[in-house]
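A.B. asks: Provide a 3D model corresponding to the input given below.
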Amino acid sequence: DLILVTGNSGLFHLKGNSYHPISSKLDSVVVFSARMTSDGNLAVGTDGMGMMIINPEGEVIAIHNERSNLQQNQVVFPYEDNQNGMWVALFSGISRVSYNNRVGSIKKEHGLESIGVVMTEFNGQLMVGTIGGLYVITKNEAGMTVAEKIASISDYVIDMLVIDNELLVFTDDAGVVRLN
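C.D. replies: Coordinates of the predicted model:
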């Protein structure tokens, strides 16, 4: 059994060779991406509605948007970290949402100067791939969160994959770049 998430036609339950629509608030929402969470729900990044958490039956159980202190309502990509927090890539910056509704943000003022597209953890640090390169989220000497650009990768980061203690960064111009 699978749940299919479409860009603008809602959710579908796929079982064997057949699929059936699941009625949900996503039926009229533009979806950028979706990820299964560790508790079996879907974190759905939308264009204009923020991030929706949806259970397998299609019911919206939480919405994180500007009204709940998300920086903006365009959520390009959700990523769940090891502490069950959800990092969300936005058009301008990233935010972290914990399930207790606390939202933390990293934006241009912190050094993240491009649209976040994909995120992953590597060597205990959050890596953010953007349309303008790769960033690592760290703390400076004063304990402030900062986004430091990886100078060797300034291309559009399409995807990232961690294999055998190496980070493979897929870019539009440079191809695949390995970091260890």
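A.B. asks: okay, CA-based contacts and neighbour counts for the rest of this
C.D. replies: Will do.
A.B. asks: who are the neighbours in contact with Met127?
C.D. replies: Listed by Cα atoms under 8 Å, 6 or more residues apart in numbering, the contact set of Met127 reads 119-121, 134-137.
A.B. asks: Give the next helix or strand downstream of the helix or strand of the chain with the lowest mean pLDDT.
C.D. replies: The helix or strand of the chain with the lowest confidence, counting by mean pLDDT, DSSP states H and E, is strand 103-106 at a mean of 61. Using DSSP states H and E, the next helix or strand after strand 103-106 towards the C-terminus is strand 116-122.
A.B. asks: Determine how far that following strand lies from the middle of the whole chain.
C.D. replies: 7 Å (Cα atoms, centre = their mean, to the nearest Å).
A.B. asks: So what's the residue count around the residue lying closest to Asn8 once chain neighbours are set aside?
C.D. replies: Spatially, and ignoring its direct neighbours in sequence, Asn8 is nearest to Val30 (4.8 Å; Cα to Cα, 6 or more residues apart in numbering). The criterion is other Cα atoms under 10 Å. On that basis, Val30 has 18 neighbouring residues.
A.B. asks: shouldn't Val30 be in contact with Asp47?
C.D. replies: Yes - with contact defined as Cα atoms under 8 Å, Val30 counts as touching Asp47 (5.5 Å).
A.B. asks: quick one on the thing from earlier: greatest separation within the contacts of Met127: which pair is it?
C.D. replies: Glu121 and Leu134 (12.6 Å; Cα to Cα).
A.B. asks: neighbour-wise, which of those two wins?
C.D. replies: Leu134 (28 against 19).
A.B. asks: the inter-axis angle of the helix or strand hosting the more buried one versus strand 116-122?
C.D. replies: Taking DSSP H and E as the criterion, Leu134 maps to strand 133-139. Interaxial angle, strand 133-139 versus strand 116-122 (axes from the mean of the first three to the mean of the last three Cα atoms, to 10 degrees): 50 degrees.
A.B. asks: Would you mind listing the outside residues contacting the host helix or strand of Trp87?
C.D. replies: Element membership for Trp87, per DSSP H and E: strand 86-90. Identification of contacts with strand 86-90 by Cα under 8 Å, 6+ apart yields 45, 71-81, 94-98, 115-119.
A.B. asks: swap the cut-off to 7 Å and go again
C.D. replies: Under the contact criterion Cα atoms under 7 Å, 6 or more residues apart in numbering, strand 86-90 has outside partners 74-80, 94-98, 115-118.
A.B. asks: Check stretch 20-33 too.
C.D. replies: Here stretch 20-33 has contacts from 6-14, 44-47, 58-59, 76-77, using Cα under 7 Å, 6+ apart.
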